[in-house]
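> Output the structure for:
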Amino acid sequence: MGSLGAILKHPDDFYPLLKLKMAARHAEKQIPPEPHWAFCYSMLHKVSRSFGLVIQQLGPQLRDAVCIFYLVLRALDTVEDDTSISTEVKVPILKAFHRHIYDNNWHFSCGTKEYKILMDEFHHVSNAFLELGSGYKEAIEDITMRMGAGMAKFICKEVETIDDYDEYCHYVAGLVGLGLSKLFHASGAEDLASDSLSNSMGLFLQKTNIIRDYLEDINEIPKSRMFWPRKIWNKYVNKLEDLKYEENSVKAVQCLNDMVTNALLHVEDCLKYMSDLRDPAIFRFCAIPQIMAIGTLALCYNNLQVFRGVVKMRRGLTAKVIDRTNKMSDVYGAFYDFSCMLKTKVDNNDPNATKTLSRLEAIQKKCKESGVITPNRKSYVLENDSGYNLVLIAILFIILALVYAYLSSNLSNNR
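Residues are numbered from 1 along each chain as shown. Reported below is the predicted structural model:
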């Protein structure tokens, strides 16, 4: 009933949701028959369904390389995330992980649910990795080595300054951007993007996740995980965990807005990176998560719910983003619309209001310079087509009426 209510409230989500469901079923049917590849693609869909769907659209060799790259780094991240592992055990594993991917006898039990399965049966990932082309393997090994070393560094180091924050995000996500750029180049489909732009692609996504996941990270058992830089939160509270308490609500929202404003620094680099891409499938692969990030920031900004529960884009809007993101004009439209949405939430009394508005105006200026933001343009995701909605509502009620009639008929026949 929750899903039905959401569709009735946002009827233009119905068709994109239907297409997403069909794409998910199609992707499940495309899982390779070889046991190690079957494990890898099945696991990919379990740990990241939407990311898995976008990966499926890449060319065969690049698709395999990105799938394995993602699972290797997800496994590395599982080791880092598990707060039950002692530092003495964790640090050597992180530093040596780039060598473990060549050893199809290696595994390490940690994590929970599907992540534990990934770690317990990591030999499947190693076997698939060993079948990749040399260019892909070299890129994955290099990024895994650098990321493992960076993660190990921050196991023993707090995120204090903004430079620390950027460095941590570089190790856990900026390097993913660099690695993907290397994989795209190795496939022959793209020129090699600059490290600076590739890094910004990763930092924008990672900072969005860190903002959104505050409550989950701070409540982590047996030990909380803290990624918000002291340089920011110390302006508002004495301890990072104080942000979740009701008596600090005003300061918590101001701190949250400060964090969002910091993340917006990377948007112009991200737009430049995406505008340089040539391959349509690679473009979609890169653009969809970036639009999800700006949309998530727009929802999180000035939103106390970040400290009370989960804030994320509704599934229908996610489906709409996946369905409608096909070219750079779509990206400009989405970033413009979400920045407008965020701009309406800026309180002039917020300590960072001037800085936030300045960054949003710079993003909007960049989008307008593309020439696609015209006065009569239909909003990418924020407006509904009322005529289209009425048609969808009518179709939905017809379907429900047919289902009801069918069920009623069966019930009568069974009496």
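
> Check which helices and strands the helix or strand in which residue 359 is found sits against.
Under the assignment given by DSSP states H and E, the secondary-structure element containing residue 359 is helix 353-369. Identification of packing neighbours for helix 353-369 by 3 or more C-beta pairs under 8 Å, 6 or more residues apart in numbering; DSSP states H and E yields helix 249-263, helix 267-275, helix 328-343. All C-beta atoms are positioned from the backbone trio N, CA, C, and that covers glycine.

> Quick check: buried residues in the longest one?
Spelled out, it's helix 328-343. Of the residues in helix 328-343, those with enough neighbours to count as buried (16 or more other C-beta atoms under 10 Å) are 328, 330-343.

> for it, packing partners?
Helix 328-343 is packed against helix 267-275, helix 280-300, helix 353-369, with contacts defined by 3+ C-beta pairs under 8 Å, 6+ apart.

> now the angle from the second one to helix 353-369?
Helix 280-300 and helix 353-369 meet at an angle of 150 degrees, taking axes from the mean of the first three to the mean of the last three C-alpha atoms, to 10 degrees as the criterion.

> returning to that earlier point: quick one: distance of the helix holding residue 359 to the chain centre.
Relative to its parent chain, helix 353-369 has a centroid offset of 23 Å by C-alpha atoms, centre = their mean, to the nearest Å.

> for this protein, what are the low-confidence residue spans?
Flagging of the chain using pLDDT under 70 yields the residue ranges 1-11, 13-17, 19-30, 49-50, 380-397, 399-401, 404-415.

> Repeat the analysis, applying 80 as the threshold.
Judged against pLDDT under 80, the low-scoring parts of the chain cover residues 1-32, 48-53, 221-225, 314, 316, 377-415.

> Residue 349 versus the most centrally placed residue in it, what's the distance?
Most central in the chain under C-alpha atoms, centre = their mean is residue 289, positioned 5.2 Å from the mean C-alpha point. Counting by C-beta to C-beta, to the nearest Å, the gap from residue 289 to residue 349 is 33 Å.

> can you check residue 233 too?
For residue 233, the distance to residue 349 under the criterion C-beta to C-beta works out to 19 Å.

> same deal with residue 121?
In this view, residue 121 and residue 349 are 53 Å apart by C-beta to C-beta.

> what residues are up against residue 125?
Residue 125 makes contact with 36, 39-40, 68, 71-72, 75, 101, 118 under the criterion C-beta atoms under 8 Å, 6 or more residues apart in numbering.

> Hmm, I typed the wrong one, I wanted residue 173.
With contacts taken as C-beta under 8 Å, 6+ apart, residue 173 has the following neighbours: 202-203, 205-206.

> Next: residue 164.
Residue 164 is in contact with 157-158, 229, counting by C-beta under 8 Å, 6+ apart.

> in which helix or strand would I find it?
Element membership of residue 164 [criterion: DSSP H and E] is helix 162-169.

> now residue 198
Following DSSP H and E, one finds residue 198 within helix 195-212.

> Next, the angle from that helix to helix 162-169.
An angle of 100 degrees separates the directions of helix 195-212 and helix 162-169 when computed by the same axes, to 10 degrees.

> wait, which of the helices and strands packed on helix 353-369 is closest to residue 312?
Across the helices and strands packed on helix 353-369, residue 312 has its closest neighbour in helix 328-343 (14.0 Å, C-beta to C-beta).

> Determine how far the closest one lies from the middle of the whole chain.
Distance of helix 328-343 from its chain centroid, counting by C-alpha atoms, centre = their mean, is 17 Å.

> Let me know the angle separating it from helix 353-369.
Note on geometry: by the same axes, to 10 degrees, helix 328-343 and helix 353-369 are set 160 degrees apart in direction.

> Which residues are in contact with residue 308?
By C-beta under 8 Å, 6+ apart, the contact set of residue 308 is 215, 244.
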